[in-house]
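> Return atomic coordinates for the entry below.
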Amino acid sequence: MEAFIRGLPKAELHVHIEGTLEPEMMVEMARRNQVAVRFASVEDVRAAYEFTDLQSFLDIYYEGAGVLRTEQDFFDLTYAYLERAARDRVRRAEIFFDPQTHTERGVAFETVITGIHRALELGRDELGISSGLIMCFLRHLSAESAHETLEQALPFVELLLGVGLDSSEIGNPPEKFDAVFAQARRAGLLVVAHAGEEGPPQYVWAALDVLHARRIDHGVRSEDDADLLQRLSDEHIPLTMCPLSNIKLRVFPTMADHNLKRLLDRGLLVTINSDDPAYFGGYVADNYLAVTKALGLERADLVKLATNSFNAAFLRVEDRRAFLDELNRYVVAFE
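All right, here's what the predicted structure looks like:
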């Protein structure tokens, strides 16, 4: 089963590029950029990766991102993720980045996006990974800060697939960002949003109705609202779930308690993703493996999840068909 999972062609639709910063790279970048960090070694960094909730993770996440300073740093970070994704047979990656995390400490927006984009182009040419870049607004910051970030991004709009909303969910409802998302939509950007991870189902409703999100990132709390589940099913709205993240951040007590299989069986467009794999102990295939073991997934479930990942991706019809054909050939050949 592990060989089948690792070779299964798949898309990853919920991964934060800053969350792929492995401890070894964090320590190396701190050294080369002469950035002081409180960790004396790689082992010290890994020992800090014990979280009680979303906020306890975000505290160290933002601290780690502080070592990223140059265009080369963002290139190296992104290409390292793509190399790892290629080993998990990721064929399409739609990647989040958080520019405010960097611009607030004096790193130019252009530095961030140019380094990431250069790696994505090389990943397409050398690794065969199709990709798109989604700029996220940090919801714990002000709407004014989000507007400033969008203005910085507009000269680079051709490099962007869409916009998203992430960071501390509780107390920061989607309505706070109504105007900036409307402006982003007018600029031709697609919309996704984190909702229903720690926040209530009402945040998912608002992400759909106020922000006009095309996908819901996480969305596990949607199960608390039967009407919402019906809508998600009827409208084929994808949920980009991140199982290892949910366990690491105590959203579910154990993987056996996760609701992914229940929602998949209800016909929802559920996908599996890695979120912040350097911090949560696994990349996308590791997430597939973890839920397979804990929830008793069968091969048909795994094929459905991989199929969902391509159907949920922002792809041209002909590209989606090509990926689905590749998936079907793999399944037939494996049998």
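> what about the strands in the stretch 201-335 of the chain?
215-218, 239-241, 270-272 (DSSP state E, counting those that start in this stretch).
> Which of those strands sits closest to Asp88?
With Cβ to Cβ as the criterion, Asp88 lies closest to strand 270-272 of those, at 10.9 Å. Where C-beta positions appear, they are placed from N, C-alpha and C, glycine not excepted.
> strand partners of the closest one, parallel vs antiparallel please.
strand 239-241 (parallel) (DSSP bridges).
> for the strand it pairs with, what is the average pLDDT?
The average pLDDT within strand 239-241 is 98.
> In contact with Gln55, which residues?
With contact set as Cβ atoms under 8 Å, 6 or more residues apart in numbering, Gln55 has these partners: Ser168.
> average pLDDT across whichever strand or helix holds it?
Following DSSP states H and E, one finds Gln55 within helix 54-65. Average pLDDT, helix 54-65: 84.
> repeat for stretch 133-146
97.
> export the helix holding Gln55 as PDB, just CAs?
Extracted in PDB, the C-alpha atoms of helix 54-65 (Å, rounded to 0.1, in the frame of the first residue of the first chain):
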ATOM      1  CA  LEU A  54      -2.900  26.800  16.200                       C
ATOM      2  CA  GLN A  55      -1.400  29.900  17.900                       C
ATOM      3  CA  SER A  56       1.400  28.000  19.600                       C
ATOM      4  CA  PHE A  57       2.400  26.700  16.100                       C
ATOM      5  CA  LEU A  58       2.100  30.100  14.500                       C
ATOM      6  CA  ASP A  59       4.500  31.700  17.100                       C
ATOM      7  CA  ILE A  60       7.400  29.400  16.000                       C
ATOM      8  CA  TYR A  61       6.300  29.500  12.300                       C
ATOM      9  CA  TYR A  62       6.800  33.200  12.100                       C
ATOM     10  CA  GLU A  63      10.000  33.000  14.100                       C
ATOM     11  CA  GLY A  64      11.400  30.400  11.600                       C
ATOM     12  CA  ALA A  65      10.300  32.500   8.600                       C
END
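> hang on, the earlier thing: any chance of the strands of the stretch 201-335 of the chain in JSON lines, plus distance to Glu126?
Formatted as JSON lines, the strands of the stretch 201-335 of the chain follow (distance: least, Cβ to Cβ, whole Å):
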{"stretch": "strand 215-218", "distance to Glu126": "28"}
{"stretch": "strand 239-241", "distance to Glu126": "26"}
{"stretch": "strand 270-272", "distance to Glu126": "25"}
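> so can I have CSV of these showing mean neighbour count and distance to Val90?
Shown next, in CSV, are those (neighbours: other Cβ atoms under 10 Å; distance: least, Cβ to Cβ, whole Å):
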stretch, mean neighbour count, distance to Val90
strand 215-218, 26, 17
strand 239-241, 27, 14
strand 270-272, 28, 11
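> quick one: which of these is nearest Gly19?
strand 215-218 (12.7 Å).
> Show me what that closest one is in contact with.
Residues outside strand 215-218 that contact it (Cβ under 8 Å, 6+ apart) are 13-14, 164, 166, 192-197, 204, 207-208, 222, 232, 237-242, 246, 312.
> So which of the residues you listed belong to helices?
204, 207-208, 232, 246, 312 (DSSP state H).
> hang on, Arg266 packs against Ser233?
Yes. With contact defined as Cβ atoms under 8 Å, Arg266 reaches Ser233; the gap is 6.4 Å.
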